[in-house]
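Novice: heads up, no residue letters with this:
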């Protein structure tokens, strides 16, 4: 039986789905974003990773893929320079035939099920695409500096401008002036400006402010409400403009993207705005998500017979692969996860000799570091939040169960001796308590109330960063803890290997390296555990470096609790202060073996000696 692949390579994540000839969705897999302007070369690798994972879950081979259709953010329209470049990069990575277009095109195909009309796509950015009689019409999609009107980024920038005007007394008061800096974990709007100037505020984080604006609007803030209404008015204007330029205002209009999910009223606002500008407009809810739009396009290009029954099958089976409610579906999701699949390379594992097993394990481990590297933009966002949070008196809190929980406990425990941090700066929470570190506790990971209670006991707040560790992405204890933390205003980060798992619903950012199935199916203490360990190292180390806990590449806040560590301290002081080992030892002894104090003592002594010699 032939199969097709549909790929939605968005700015923040990539989705790939395998569909059979009868319209059944056999898998959905994800990776990080594909836009090369954001992710660089990793964007193309993320498309390959998502395709690999989708085929692994569907249990099919590359040779069985008849055709793929890829919608890629940043690739622009066919025949453009960016499109041709992206196509050449993907041709070197993908061993099957494919068509490539921008992500707006597949969103159009999904929303209107391949029909003619206009679709407004509004997420981080905004673009409107109209198609009729072979004619393609684009409105906006020019980027957030002078376009993308009505997008989440536009909403955020308008909110910041309104907040500044309110703070200055140039316009009416708005709660935005208070809440926007807090949402970015800084003290003031001037600090927000500094983040923008330094490049430390990413477009992704900026767009996230739209969620804050929506919350303030729901609380009755008139300024925030007007910003949202202005956003949908601009999106409606783009839709009507596209219809008029196509020369047919009777064509259907649809919409898709995160902006329309900011509040339950957003779609109504949009409909009202369109009808105000064009009373006879026909507006419809989207029929399919973009990745299924890509699959539909692939099926059409492959010459498959598409009818209403096929489309209904696609929609029906596609719904089974969406996100899961926190109160249900946590067990059913397991068979669909990449981490639970069997690894084709280890099917004869029990018949292999020792050296071959070890070689196979090592070969699989080689896949981990490259997979983690592709997640660096997401890891960097987590680090930025940790730096800001700790600088404001917050904490970095790891939550996990089983192997994941033990890794979090270990990283937290290593921070005080390595970086001299107070014990409450980095905290590890383990399902089942500390006794679960060395002994497995039945059912601990399934206790959602216990997860919430741990967050309540720590009185988690807006300066804290909570990192949920769950390979499967469906651990109830972890998900409940993150949900509670998010409700309390904390930033939440998910570290998993299954991006389209329930944990994504309670995470502000998801770090999900695609490491593939384990050589022993489901034994995620192996590659998945290694990936989590690498990521935790990256987060805590980079955070402490940027907080000044490292000088050059030396641990100047090292705790000297053993002979080995005291010897290391001598070398650190000698290297930084430019003195002999014996002089370094003397300085340390005179300063209670505190490295910073010893260095300062030596520098002061040198300065005093220098001044004395100058006087002589």
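Specialist: Cool, the structure landed. Small disclaimer: the values here were computed from a predicted structure and weren't measured. Numbers count the residues shown, from 1 in each chain.
Novice: any chance you could map the strands in the stretch 151-300 of the chain?
Specialist: If DSSP state E, counting those that start in this stretch is used as the criterion, the strands of the stretch 151-300 of the chain fall at 252-256, 282-283.
Novice: out of these, deepest packed?
Specialist: strand 252-256 (a mean of 23; mean count of other C-beta atoms under 10 Å). C-betas here are computed from N, CA, C, even on glycine.
Novice: pretty sure residue 143 is touching residue 125, no?
Specialist: Yes - with contact taken as C-beta atoms under 8 Å, residue 143 and residue 125 are classed as touching, separated by 7.0 Å.
Novice: could you say what helices and strands the longest helix that the chain contains packs with?
Specialist: Longest helix in the chain by number of residues (criterion: DSSP state H): helix 222-246. For helix 222-246, the packing partners by 3 or more C-beta pairs under 8 Å, 6 or more residues apart in numbering; DSSP states H and E come out as strand 117-122, strand 126-132, strand 135-140, helix 152-168, helix 203-218, strand 252-256, helix 266-277.
Novice: Residue 143 and residue 125: who's more crowded?
Specialist: For the pair residue 143 and residue 125, the greater number of neighbours falls to residue 125 (27 against 13), based on other C-beta atoms under 10 Å.
Novice: per-residue confidence for the more buried one?
Specialist: Residue 125 is assigned a predicted lDDT (pLDDT) of 89.
Novice: what residue ranges in the stretch 301-450 of the chain score low on pLDDT?
Specialist: Within the stretch 301-450 of the chain, the ranges that satisfy pLDDT under 70 run 322-336, 442.
Novice: Tell me which stretches of it form strands.
Specialist: With strands called from DSSP E, counting those that start in this stretch, the stretch 301-450 of the chain shows them at 396-400, 426-430.
Novice: Sheet-wise, list the partners of the first one with their directions.
Specialist: It refers to strand 396-400. Within its sheet, strand 396-400 is paired with strand 426-430 (parallel), strand 465-469 (parallel), according to DSSP bridges.
Novice: To residue 393, which of those lies closest?
Specialist: Nearest of the strands paired with strand 396-400 to residue 393, taken as C-beta to C-beta: strand 465-469 at 12.4 Å.
Novice: Switch the strands of the stretch 151-300 of the chain over to TSV; also include distance to residue 121.
Specialist: As requested, the strands of the stretch 151-300 of the chain are arranged in TSV below (distance: least, C-beta to C-beta, whole Å):
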stretch	distance to residue 121
strand 252-256	6
strand 282-283	15
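Novice: Quick check: which of the ones you listed is nearest to residue 312?
Specialist: Nearest of those to residue 312, taken as C-beta to C-beta: strand 252-256 at 17.7 Å.
Novice: Which other helices and strands does that closest one contact?
Specialist: helix 103-111, strand 117-122, helix 222-246, helix 266-277, strand 282-283.
Novice: Which of the strands of the stretch 151-300 of the chain sits closest to residue 544?
Specialist: Proximity of the strands of the stretch 151-300 of the chain to residue 544 was assessed by C-beta to C-beta; the nearest stretch is strand 252-256, lying at 41.4 Å.
Novice: Give the rounded mean pLDDT of the closest one.
Specialist: If you average the per-residue pLDDT over strand 252-256, you get 96.
Novice: swap in stretch 219-233?
Specialist: In this model, stretch 219-233 has an average pLDDT of 96.
Novice: what comes up buried for it?
Specialist: Within stretch 219-233, the residues that count as buried by 16 or more other C-beta atoms under 10 Å are 221, 223, 224, 225, 227, 228, 229, 230, 231, 232, 233.
Novice: picking that back up, out of the helices and strands packed on strand 252-256, which gets nearest to residue 537?
Specialist: helix 103-111 (33.3 Å).
Novice: Can you name every helix or strand that the closest one contacts?
Specialist: Judged by 3+ C-beta pairs under 8 Å, 6+ apart, the packing partners of helix 103-111 are strand 3-9, strand 65-72, strand 117-122, strand 126-132, strand 252-256, helix 290-301.
Novice: Could you rerun that using 6 Å?
Specialist: With contacts taken as 3 or more C-beta pairs under 6 Å, 6 or more residues apart in numbering; DSSP states H and E, helix 103-111 sits against strand 65-72, strand 117-122, strand 126-132, strand 252-256, helix 290-301.
Novice: Surely residue 481 is in contact with residue 399?
Specialist: Yes - Residue 481 is within contact range of residue 399, at 4.5 Å (criterion: C-beta atoms under 6 Å).
Novice: Overlap of the contact sets of these two?
Specialist: Contact criterion C-beta atoms under 6 Å, 6 or more residues apart in numbering; no residue bridges residue 481 and residue 399 by contacting each.
Novice: Looking at the strands of the stretch 151-300 of the chain, spot the one closest to residue 589.
Specialist: Using C-beta to C-beta as the measure, strand 252-256 is the one of those that comes nearest residue 589, at 67.7 Å.
Novice: Pull the residues that contact the closest one.
Specialist: 107, 111-112, 117-121, 239, 281-284, 286.
Novice: Quickly run through the sheet partners of it, with directions.
Specialist: Applying DSSP bridges to the sheet, strand 252-256 is found paired with strand 117-122 (parallel), strand 282-283 (parallel).
Novice: Same list (the ones you listed) but as TSV, adding mean pLDDT and distance to residue 182.
Specialist: Output for those, formatted as TSV (pLDDT from 0 to 100; distance: least, C-beta to C-beta, whole Å):
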stretch	mean pLDDT	distance to residue 182
strand 117-122	96	25
strand 282-283	96	36
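Novice: looking at those, which is buried most?
Specialist: Taking mean count of other C-beta under 10 Å as the contact definition, the stretch among the strands paired with strand 252-256 with the greatest mean neighbour count is strand 117-122, which reaches a mean of 30.
Novice: any idea of the angle it forms with helix 222-246?
Specialist: 150 degrees (axes from the mean of the first three to the mean of the last three C-alpha atoms, to 10 degrees).
Novice: can you list contacts of strand 117-122?
Specialist: Outside strand 117-122, the residues that touch it by C-beta under 6 Å, 6+ apart are 104, 107-108, 111, 127-130, 150-151, 235, 239, 242-243, 251-257, 259.
Novice: Please repeat the previous calculation with a cut-off of 7 Å.
Specialist: By C-beta atoms under 7 Å, 6 or more residues apart in numbering, the surrounding residues in contact with strand 117-122 are 104, 107-108, 111-112, 127-130, 150-151, 235, 238-239, 242-243, 251-257, 259-260.
Novice: quick one on the thing from earlier: format the helices and strands packed on strand 252-256 as TSV; extra columns: distance to residue 511.
Specialist: Listed next are the helices and strands packed on strand 252-256 as TSV, based on distance: least, C-beta to C-beta, whole Å:
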stretch	distance to residue 511
helix 103-111	22
strand 117-122	26
helix 222-246	30
helix 266-277	29
strand 282-283	37
